[in-house]
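Engineer: I need the structure of the sequence given here:
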Amino acid sequence: MKPPISPVSSIIPPLSTLPDFDPRKVPVVGVDTHLAAVPLAAQTPEALRLRFAHPPQWEPEVVLERKFAQREPAHASVLLAIVLREQPMVLLTERTAHLSTHSGQIAFPGGRADPEDATPADTALREAFEEVGLERQYVEVLGSLPIYVTGTSFIITPVVALVQPDCVLTPNPYEVADLFEVPLAFLLDPANHQRHRLEWEGVAREWFSMPYQDGEKNHHIWGATAGMLRNFYRFMQA
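Structural biologist: Numbering: from 1, shown residues only. Purely as a prediction, here's the structure:
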């Protein structure tokens, strides 16, 4: 996402700014192994198209983070891009360390809405092109999930899309430190969803994480990204 227009005045500090805070070191308080994974048959392109064409009755599990900043709300969109490889994969980025918001974190391509964006999908597609060079001709938008409001007052619309595997991506080095893919089946299996809880100065925060081991590198997916993926699981499992 693009940096805020105005400075952020913190009331409750964001977790990433707390002294010595490392989300990887916060104890796991639960893993949802009792919940069923989304069947592989429901993860095919045809099944995904059908699910969005005829969505079920369902409720998102995570929609509002505890507010920790005083700033004007800003609309944004992210692209939950499912790359149609032999095994469907979800495209994710690691943000560069120097960015003013969510630096170093795992995120979907996306960012703040511009006045010329006609729809949340337009925002997500424009931002995905600016961040990782994903051209619209390779993208089939399926629909969107309910908005997700972050503690920094970003009102995010997750836009879900299928992406052709022959697309050529060119990450913007200013915003993207790493670009990688995670199997959709891994993210839609709640046995990989870890719950965390931390209290700081009397304020309790809870969040999901979905650590993914990719060779020698561990991608620690947590916070808003994990929350939106958890909602996607609920949508697919409903």
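Engineer: hey, which helix or strand in this structure has the poorest pLDDT?
Structural biologist: strand 9-10 (a mean of 30; mean pLDDT, DSSP states H and E).
Engineer: Centre-most residue in this protein?
Structural biologist: residue 225 (2.8 Å; CA atoms, centre = their mean).
Engineer: Looks to me like that one is in a helix.
Structural biologist: Yes: counting by DSSP: H, G, I helix; E, B strand; the rest coil, residue 225 is part of a helix.
Engineer: how close does it get to residue 163?
Structural biologist: As for residue 225, its distance to residue 163 is 17 Å (criterion: CB to CB, to the nearest Å). Placement of C-beta: from N, CA and C, glycine included.
Engineer: Repeat that for residue 45.
Structural biologist: Going from residue 45 to residue 163 by CB to CB gives 11 Å.
Engineer: These two: who's more crowded?
Structural biologist: Using other CB atoms under 10 Å as the criterion, residue 45 and residue 163 rank with residue 163 on top: 22 against 13.
Engineer: picking that back up, next SSE after the least confident helix or strand of the chain?
Structural biologist: Downstream of strand 9-10, the next assigned helix or strand under DSSP states H and E is strand 28-31.
Engineer: I would like the residues contacting that next one, please.
Structural biologist: 190-191, 193-197, 209 (CB atoms under 8 Å, 6 or more residues apart in numbering).
Engineer: Mind doing that once more with 10 Å?
Structural biologist: 190-198, 206, 208-209, 211 (CB atoms under 10 Å, 6 or more residues apart in numbering).
Engineer: hey, C-alpha coordinates of that strand in CSV?
Structural biologist: Presented in CSV, the C-alpha positions along strand 28-31 are these (Å, rounded to 0.1, in the frame of the first residue of the first chain):
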residue,chain,number,x,y,z
VAL,A,28,0.5,-20.0,19.8
VAL,A,29,-2.7,-20.3,21.9
GLY,A,30,-4.6,-22.6,19.5
VAL,A,31,-4.7,-24.4,16.2
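Engineer: Distance from the next helix or strand along the chain from that strand to the middle of the chain?
Structural biologist: Of the helices and strands lying after strand 28-31 in sequence (DSSP H and E), the nearest is helix 45-53. Chain-centre distance of helix 45-53: 20 Å, with CA atoms, centre = their mean, to the nearest Å.
Engineer: For helix 45-53, name the packing helices and strands.
Structural biologist: Secondary structure elements in contact with helix 45-53, counted by 3 or more CB pairs under 10 Å, 6 or more residues apart in numbering; DSSP states H and E, are strand 139-144, strand 154-163, helix 223-237.
Engineer: What angle do helix 223-237 and the helix or strand following the second one make with each other?
Structural biologist: Elements were assigned by DSSP H and E; along the chain past strand 154-163, the next helix or strand is strand 176-183. Relative orientation of strand 176-183 versus helix 223-237 (axes from the mean of the first three to the mean of the last three CA atoms, to 10 degrees): 20 degrees.
Engineer: Packing partners of strand 176-183?
Structural biologist: Strand 176-183 packs on strand 74-83, strand 89-95, strand 106-107, helix 120-132, strand 212-214, strand 217-219, going by 3+ CB pairs under 10 Å, 6+ apart.
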